[in-house]
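Asks: Sequence and predicted structure, then a few things I'm wondering about:
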Amino acid sequence: MNSQQIALLRLQQQQLIQPTFTQAADLVWWMGCMQAQDYAGAKWAIGMRVKGSTDASIEAALQEGKILRTHILRPTWHFVSPEDIRWILSLTAPRIKAFNKNLHARLGITDKDLHRSSQILGKALAGRSLTRTALVPLLHKARIDTDDIRLGFHLMHAELEGIICSGPRQGKQFTYALLNDRAAPVAPISRGEAITRLTLRYFRSRGPATVNDFQWWSGLRMPDIKMGLQENKDLLTAFIANGQAYWYDAAMPMKTMATSPLLLPAYDEYTVAYKDRSDVLPAALITATGYGIYKPTVVNKGQIAGTWSRKISHHHLEIDTQVPAGPLRALPRAIAAYRSFMGKADKFG
């Protein structure tokens, strides 16, 4: 198995070739979590993996709470299924809170402050959703400092505690709501079962991948990952390539499907879900593509081939691509797919 074959299999499992899902919520469940700090790009990350979807249909799923957006991995914004959010948080929140603790100390945020702010947020959001702007005066009244980036840490802590999550947007403004109002209660599971679930979910949707890739994505400790692999020994298998083991779904069809160029958003799971991106990212393009993460990328035959950008107006959408190796014959098809998703015409059409 070489890097080209690994890349094509990842496209298949990540639903970037012949997607099987028709509902955005089902795709997010399959992926476990999807990085989502670039909100518009993250909606396209779902859209290109869901047949017949549009920006509007995915926005509707978010408005209705079929998909939630919260801090749950590394720590940054992610999309996650309401049925998954609690058990994933049970695994990931302790590590993120430990990471944030030093930052809290530098900003003078005490554990008492965090406890108080979470109580205030919990009471304020009972039965309703509010914007950050609306929440600030409530914290100020309690003499909780929200200057600089402190407000973000207070909100993130309440998210990690499982108190709040994303609410429906008010116009273009994001809101927060109580998690219990947005996600139906589910029976708790043991830590071991949560590790087993997350391990299977990751390698099924993103394999072939290494344990180092999974550790980077999940934040789990290596002993936990080894346990997760052992518990899934009948469902996951591995092959050796590039001197390391690549794990994947044992039921995955090992065939190469035809692929066309793709326009991936920044922070797409095709790159951000792996610590080592050398199987899909040529060394010559590391800087130009922001390590394959920080810029929207053009992917051809599983390999990152360049970058792209957009200019959008009320009715029109202009796409500019930068592909150092030269034009890709089928790239207009990828551009047309994005325009269709956004419901926009070519600026010059």
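Replies: Good, I have the coordinates. Note that the structure is predicted; figures quoted are calculated from it, not measured. Numbers count the residues shown, from 1 in each chain.

Asks: ok, now which ones touch the residue nearest to residue 170 when sequence neighbours are not counted?
Replies: Once its chain neighbours are removed from consideration, residue 170 has its nearest residue in residue 131; the separation is 6.2 Å (CB to CB, 6 or more residues apart in numbering). C-beta coordinates here come from the backbone N, C-alpha and C atoms, glycine included. Applying CB atoms under 8 Å, 6 or more residues apart in numbering, one finds that residue 131 lies in contact with 170, 173-176.

Asks: for residue 129, same thing?
Replies: Applying CB under 8 Å, 6+ apart, we find residue 129 in contact with 167-168, 170, 175-177.

Asks: Quick check: which element contains residue 234?
Replies: Element membership of residue 234 [criterion: DSSP states H and E] is none; it lies in no helix or strand.

Asks: which stretches of this protein form strands?
Replies: All strands of the chain, identified by DSSP state E, fall at 33-35, 68-73, 76-80, 130-131, 164-170, 173-178, 236-241, 244-249, 262-264, 297-300, 303-312, 316-322, 345-346.

Asks: Would you mind saying which of the ones you listed lies nearest residue 113?
Replies: When the strands of the chain are compared for distance to residue 113 using CB to CB, the nearest one is strand 164-170, at 16.2 Å.

Asks: buried stuff in the closest one?
Replies: Buried residues in strand 164-170, defined by neighbour count with 16 or more other CB atoms under 10 Å: 164-167.

Asks: need the contact list for the nearest residue to residue 250 once chain neighbours are set aside.
Replies: Spatial nearest neighbour of residue 250, excluding adjacent residues (CB to CB, 6+ apart): residue 237 at 4.3 Å. When contacts are counted by CB under 8 Å, 6+ apart, residue 237 is found next to 247-248, 250.

Asks: And the residue nearest to residue 170, what's its pLDDT?
Replies: According to the model's per-residue confidence, residue 131 sits at a pLDDT of 98.

Asks: ok, what's across the strand from it?
Replies: With DSSP bridges applied, residue 131 shows beta-bridge pairing to residue 175.

Asks: Quickly note the distance from it to residue 80.
Replies: As defined by CB to CB, to the nearest Å, residue 131 lies at a distance of 21 Å from residue 80.

Asks: from the contacts of residue 129, which is closest to residue 45?
Replies: Out of the contacts of residue 129, the one with the shortest distance to residue 45 is residue 168. That distance is 20.5 Å, counting by CB to CB.

Asks: who's the residue nearest to residue 250 bridged to?
Replies: Counting by DSSP bridges, residue 237 is bridged to residue 248.

Asks: With residue 39 as the reference, measure out to it.
Replies: When CB to CB is the yardstick, residue 237 and residue 39 sit 36 Å from each other.

Asks: just to revisit the earlier point, just the buried ones from the contacts of residue 131?
Replies: Burial by neighbour count, judged by 16+ other CB under 10 Å, picks out 174-176 from the contacts of residue 131.

Asks: so who does residue 1 touch?
Replies: For residue 1, the set of contacting residues under the criterion of CB under 8 Å, 6+ apart consists of 208, 239, 241, 246.

Asks: what number of residues lie near the first one?
Replies: By that I understand residue 208. Using other CB atoms under 10 Å, residue 208 has 25 other residues around it.

Asks: do the same with the last one
Replies: Applying the criterion other CB under 10 Å, we find 22 residues in the vicinity of residue 246.

Asks: For it, which residues are in contact?
Replies: By CB under 8 Å, 6+ apart, residue 246 lies in contact with 1, 6, 207-210, 238-240.

Asks: ChimeraX command for the buried members of those?
Replies: To isolate in ChimeraX the members of those that are buried, counting by 16+ other CB under 10 Å, one can use:
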select :6,207,208,209,210,238
